[in-house]
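Engineer: Need a 3D model of the following:
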Amino acid sequence: MKTVMALMTIGLFSLPAVASDAYGDPFEGWGFVKDDWQVVCDNTLTCRAAGYAGEEQWDTPATILMTAIPKKALPTGLVQLLPEASEKSQNNVTLWLNGKNYGRLQPSSDGGLYDLTAKQTNSLINSARLNTKIEIKASSDSWTVSDKGMGAVLLKLDEVQGRVGTPIALVSKNSMHKQTPKSAKPKPIIKKAFSYSEKDNKTLSAAKQAYFQANINRWINIDDEQFVGSENTTGNCELINPKSETSINFAKYAGNSSGWDFIPIDATHTLAVHSCWMGAYNAASGYWLIDNAKPRNPQLITTAGNDYFEGEISANHKDRGIGDCWNSKTWVWNGTTFAKMADASTGMCKGFAGGAWDLPTYVSEVIEGNRTSDK
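Structural biologist: Sure thing, here's the model as predicted:
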């Protein structure tokens, strides 16, 4: 039973329960969360604070996103509404705080979104530590964004970027605990190496395929506790071992469909791929990098992958079944290994199909290499 229940939930990598107390790390998963607000920061120290409608506004979800760059005094602001304002009302969407009209929102260049002006963003921030009714109105339509947690989240943003007690603090200008504002960090640069393209249609030779199939279970050590777990813990790739309870149960419904696949990356490297787990609305595979010349120690890249395509491994998972919140990771081939390229979520589960925002915890700059040869 332990194994079955684990498979049903293992896809929820960062799904936290909604709680009144603040929790979480700004640089991981959903970030730092307090009630209906969250702040997620990436490895460059850019932070994104998002607030949402409360659960009672499920039929009319609305959300505000503020993106803060280190040392820049004022964040930029965006608003997203569901259902979207009618065409007739799109140029008459307004922001209201505690019953006062703070002016029109400008339709953003990103379809369906609205930009907050600097003055509107500043007014919103100035009300963050007060009880504030935040409304978006368009003709007879109205949306509400909760203020619960906004002050705590913006204070955490101040702390992360070193704004506390400084003139550029969002909510903590008067704090006696003064910080020194932090500078933005550069994006890591990854040079994407040559890999076979889909058009190359490369496959392993029959001899190499047979050799890998005959030895892979020994090279990987499919009995490793990290993969199959123990009596008290759940592994993260239980389908790798045909003797595991999970594999036996899976075979009853899927036959022998769970096996190893081998994908040539280039002339000297291969990916070994095996299903790892399946849940109610998520599934994932493990990806191991094989050096063809020294195949005995494959390198584990991830046990949460969904796809490999032309030098990139991707992992995309729902945080709940209706698909209004997702998390994703991507790794890119650099000629030696698959380097982490991106890690993000779409924010809290608040009724937006596909998720409300792109909230990365890790970003990089990828430089495309030569796509026509192994050199």
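
Engineer: how about the residue in the chain sticking out farthest from the centre, secondary structure?
Structural biologist: Most distant from the centre of the chain: Ala207, at 39.8 Å, with distances by Cα atoms, centre = their mean. Look at Ala207: counting by DSSP: H, G, I helix; E, B strand; the rest coil, its state is helix.

Engineer: Now do it against Phe262, distance only.
Structural biologist: Separation of Ala207 from Phe262 (Cβ to Cβ, to the nearest Å) stands at 12 Å. C-beta: built from backbone N, CA, C; applies to glycine.

Engineer: Apart from its chain neighbours, what residue comes closest to Gln161?
Structural biologist: Among residues not flanking Gln161 along the chain, Pro70 sits closest, at 5.1 Å (Cβ to Cβ, 6 or more residues apart in numbering).

Engineer: what residues are up against that neighbour?
Structural biologist: Residues near Pro70 by Cβ atoms under 8 Å, 6 or more residues apart in numbering: Leu45, Thr46, Gln161, Gly162, Pro181, Lys182, Ser183, Ala184.

Engineer: In three-state terms, label it for me.
Structural biologist: coil.

Engineer: outside of the biggest strand by length in the chain, which residues touch it?
Structural biologist: Secondary structure assigned by DSSP state E gives strand 294-305 as the longest strand of the chain. The contact list for strand 294-305 (Cβ under 8 Å, 6+ apart) reads 13, 212, 215-216, 219-220, 227, 236-237, 272-273, 276-277, 284-290, 313-315, 317, 329, 331, 337-338.

Engineer: Report the buried residues of it.
Structural biologist: Residues of strand 294-305 classed as buried by neighbour count (16 or more other Cβ atoms under 10 Å): Pro295, Pro298, Ile301, Thr302, Thr303, Ala304, Gly305.

Engineer: One more: stretch 340-358?
Structural biologist: By neighbour count on 16+ other Cβ under 10 Å, the buried set for stretch 340-358 is 340-352, 355-357.

Engineer: out of these, which are inside helices?
Structural biologist: Of these, none are assigned to helices by DSSP state H.

Engineer: nearest to Gly77, of these?
Structural biologist: Closest to Gly77 out of the buried residues of stretch 340-358 is Trp357 (12.2 Å), distances taken as Cβ to Cβ.

Engineer: next one: phi and psi at the residue nearest to that closest one when sequence neighbours are not counted?
Structural biologist: Computed as Cβ to Cβ, 6+ apart, the closest residue to Trp357 that is not its neighbour in sequence is Gly347, at 4.6 Å. Gly347 adopts backbone torsions of phi 100, psi -170, taken as degrees, to the nearest 10.

Engineer: still on that earlier bit, how close does the residue nearest to Gln161 get to Arg163?
Structural biologist: Relative to Arg163, Pro70 is positioned 9 Å away (Cβ to Cβ).

Engineer: quick one: common contacting residues for these two?
Structural biologist: With Cβ under 8 Å, 6+ apart, Pro70 and Arg163 have common neighbours Pro181.

Engineer: returning to what we had before: so of the contacts of Pro70, which ones are in helices?
Structural biologist: Those of the contacts of Pro70 lying in helices (DSSP H): Gln161.

Engineer: Output the contacts of Pro70 in CSV, with distance to Ala169, pLDDT and neighbour count appended to each entry.
Structural biologist: As requested, these are arranged in CSV below (distance: Cβ to Cβ, whole Å; pLDDT from 0 to 100; neighbours: other Cβ atoms under 10 Å):
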residue, distance to Ala169, pLDDT, neighbour count
Leu45, 15, 98, 19
Thr46, 17, 98, 19
Gln161, 9, 98, 27
Gly162, 10, 98, 19
Pro181, 9, 98, 17
Lys182, 13, 98, 13
Ser183, 16, 98, 12
Ala184, 17, 98, 13
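
Engineer: Let me know the closest of the contacts of Pro70 to Ala22.
Structural biologist: Ranked by distance to Ala22 (Cβ to Cβ), the contacts of Pro70 are led by Gln161 at 17.5 Å.
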